[in-house]
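In: just to be clear, the model below is a prediction. Sequence and coordinates:
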Amino acid sequence: MASELAYILVSSYDIPSVEYALISNGEIVVSGLALSKTENGSDAASMSNQTIYGIGSVSKMFATTAVLLLVDDGKLDLDEPVATYIPEFKMADERYKDITVRMLLNHSSGILGTLMFSTMTYGIPSTRYHDSLLPQLAKQRLKADPGEFSVYCNDGFSLAEIIVERVSGMSFSEFVRQRITESVGMTNTKTPQDDFDRTRMARTFFQGEITPYDNCNAIGLGGVYSTAEDLCKLAQAYMDDPGSVAAAELLSDEMRTASMQKEYLRGIWPEPGEGVIGYGLGWDSVGPNFFSEYGIQALFKGGDTVLYHSLLMVLPEHNMAFAVVMSSGSSIMYGLPMAQSVLSQALLAEGKIKEIFPLQDLRAPVASEVPIEAHGVCRPLRQQLRGKRDSNQPGWQSHGDTFVQRRHTQRDLLLYVGWR
């Protein structure tokens, strides 16, 4: 199943390479690599299922794991204000004092989102984003009261990265190496600040030409490099019985369980129902999602940089996980369906489910009015989000890394942030 799906992605969706792995009860039971004609045309002989990819926002699970380790050490409290650990953290909004460490990990801090300066470079890593984050945040106001609701926020995980550094006395890269990757045998996991052979990384392409290596310099939010097999080893730390002593001992049961609670329900959230997003600590979804119909909790985290894409899905009670990393594509459009398909087939093969339910029919969304309580938010957004019209996307305007679609009336305003 996994190899067939990977072949479809490289042959029909213009993805140069797809690497994947499935782990069950402590054993890698499936591992492979599929290459497109484009990738085969370059020096593909050096590529294998140990080739390293950028994993984008799956890196947030390294930041989350690092924070949880420090909680286990008794050095950090999830519900303590961020300013306790970073005294010079300030914002142009007094509410910043109420932002806790937990809010960074469940996307409810109220921080605007993503400061993109020098986040992505090619070939040469940079520390400018890391070094400038606090001064830049000091100029910002919050978009909401801390804890009011969860909406994707990259910069919160960069603050978590800095907290790890302040509390541990190590660089984030060194902490990840000493406390996570070496502990569970993730020998192919690196960061842009590590010294390693960059030729081991998967090649990326633009219009058929090989590009320089993609560096996401915001390490805690999206800068880790890894393999599908290594991500499965990290996933073991979040399983009930991972089949590995090292993975079982990485986090306490308390912290492991805390990570998979429905953090998104702490604030404003739509009525519960199957969807893609439902934040835990770090996780994009802790449920309900595709596997809820089987009575199974599934955790997943997707990641996308400019050129690399990845997805990690874990079924904690069944001690099973699937990871996929790609050199083009999309974590949600391609990685998520692949993970769902492979894991459901694996559950069926192991006798843990009796059948695979057919997917529900998709229905067209029904238009609705913007709630009256949101009008005060939409008006200032209309004033702020002004940019040059993108001729390639009729009806859209661009503003930094945000795209705004205006439909029908001035109140119908949809925001799409161009980062995961």
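Out: Looks like it arrived, so ask away.

In: so what's the spatially most central residue of the chain closest to, chain neighbours aside?
Out: Taking CA atoms, centre = their mean, the centroid of the chain lies closest to S57, which sits 3.0 Å from it. Spatial nearest neighbour of S57, chain neighbours left out: G303 (3.9 Å); criterion: CB to CB, 6 or more residues apart in numbering. Where you see a C-beta, it was placed from the backbone N, CA and C, and this is true even at glycine.

In: repeat for D93
Out: R141 is the one closest to D93 (CB to CB, 6+ apart), at 4.2 Å.

In: over to that neighbour: give its phi and psi.
Out: Backbone torsions for R141, taken as degrees, to the nearest 10, come to phi -100, psi 170.

In: tell me what the helix or strand the residue nearest to S57 falls within is packed against?
Out: G303 belongs to strand 299-304 when assigned by DSSP states H and E. Applying 3 or more CB pairs under 8 Å, 6 or more residues apart in numbering; DSSP states H and E, we find strand 299-304 packed against helix 60-72, strand 309-315, helix 336-349.

In: which parts of the very next helix or strand once past the first one are buried?
Out: Just to be clear, that refers to helix 60-72. Toward the C-terminus, helix 60-72 is succeeded by helix 82-85 as the next helix or strand (DSSP H and E). Residues of helix 82-85 classed as buried: 82-83, 85 (neighbour count, 16 or more other CB atoms under 10 Å).

In: how far off centre is whichever helix or strand comes after helix 82-85?
Out: Going down the chain from helix 82-85, the next helix or strand is helix 101-105, by DSSP H and E. Put simply, helix 101-105 sits 15 Å off its chain's centre (CA atoms, centre = their mean, to the nearest Å).

In: and if you look at stretch 324-338?
Out: 12 Å.

In: can you show me the CA trace of that stretch as PDB?
Out: Output of stretch 324-338 as PDB, limited to C-alpha atoms (Å, rounded to 0.1, in the frame of the first residue of the first chain):
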ATOM      1  CA  VAL A 324       6.200  10.500   5.200                       C
ATOM      2  CA  VAL A 325       8.600  13.200   4.000                       C
ATOM      3  CA  MET A 326       8.600  14.700   0.500                       C
ATOM      4  CA  SER A 327      10.600  17.100  -1.700                       C
ATOM      5  CA  SER A 328       7.500  18.800  -3.000                       C
ATOM      6  CA  GLY A 329       3.700  18.500  -2.500                       C
ATOM      7  CA  SER A 330       1.700  19.200   0.700                       C
ATOM      8  CA  SER A 331       1.500  17.700   4.100                       C
ATOM      9  CA  ILE A 332      -2.300  17.800   4.300                       C
ATOM     10  CA  MET A 333      -3.200  17.200   0.700                       C
ATOM     11  CA  TYR A 334      -0.800  14.300   0.200                       C
ATOM     12  CA  GLY A 335       0.700  13.200   3.500                       C
ATOM     13  CA  LEU A 336      -2.500  13.000   5.500                       C
ATOM     14  CA  PRO A 337      -4.400  10.800   3.100                       C
ATOM     15  CA  MET A 338      -1.400   8.600   2.700                       C
END
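
In: who does the nearest residue to Y308 once chain neighbours are set aside form a beta bridge with?
Out: With CB to CB, 6+ apart as the criterion, Y308 has its nearest non-adjacent residue at 3.4 Å, and that residue is G54. Beta bridges link G54 to Y225 when assigned by DSSP bridges.

In: surely G54 meets D304?
Out: No: with contacts counted by CB atoms under 8 Å, G54 stays clear of D304, the gap being 9.4 Å.

In: quick revisit: mean pLDDT and distance to P270 added to the helices and strands packed on strand 299-304, as TSV?
Out: Below are the helices and strands packed on strand 299-304 laid out as TSV (pLDDT from 0 to 100; distance: least, CB to CB, whole Å):
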stretch	mean pLDDT	distance to P270
helix 60-72	98	23
strand 309-315	98	22
helix 336-349	96	19
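
In: so which of these is the most surrounded?
Out: strand 309-315 (a mean of 30; mean count of other CB atoms under 10 Å).

In: coming back round to it: could you name every residue contacting both of G54 and D304?
Out: S310 (CB atoms under 8 Å, 6 or more residues apart in numbering).

In: more neighbours: these two, which one.
Out: More crowded of G54 and D304, by other CB atoms under 10 Å: G54, with 30 against 25.

In: in the stretch 251-400 of the chain, which spans are strands?
Out: Listed in chain order, the strands of the stretch 251-400 of the chain (DSSP state E, counting those that start in this stretch) span 299-304, 309-315, 320-326, 396-399.

In: can you give me the helices in this protein?
Out: 2-12, 37-41, 60-72, 82-85, 101-105, 128-137, 154-168, 172-175, 182-184, 228-236, 245-250, 253-259, 336-349, 375-384 (DSSP state H).

In: where among those is average confidence lowest?
Out: Ranked by mean pLDDT, the helices of the chain bottom out at helix 375-384, which scores a mean of 49.

In: quick check: S11 touching S36?
Out: Yes: between S11 and S36 there is a contact under CB under 8 Å: 6.8 Å.

In: higher neighbour count, those two?
Out: Shown here are S11 and S36; by other CB under 10 Å, S36 has more neighbours (22 against 13).

In: residue contacts, the more buried one?
Out: 10-11, 14-17.

In: who touches K143 in this structure?
Out: By CB under 8 Å, 6+ apart, the neighbours of K143 are 110-113, 151.

In: got any ranges where the protein has weak pLDDT?
Out: Applying pLDDT under 70 to the chain picks out residues 39-45, 272-275, 359-363, 373-420.

In: follow-up on the earlier one: wait, the residue nearest to D93 touches M91, no?
Out: Yes: taking CB under 8 Å as the definition, R141 is a contact partner of M91 at 6.9 Å.

In: what about these two, which has more around it?
Out: A count of neighbours by other CB under 10 Å puts M91 above the other of R141 and M91, at 20 against 13.

In: residues contacting that one?
Out: By CB under 8 Å, 6+ apart, M91 lies in contact with 111, 137-138, 140-142.

In: try it again with 7 Å
Out: M91 sits next to 137-138, 140-142 when contact means CB atoms under 7 Å, 6 or more residues apart in numbering.

In: most widely separated two among those residues?
Out: The distance between the two most remote of these (CB to CB) is 12.5 Å, for A138 and L142.
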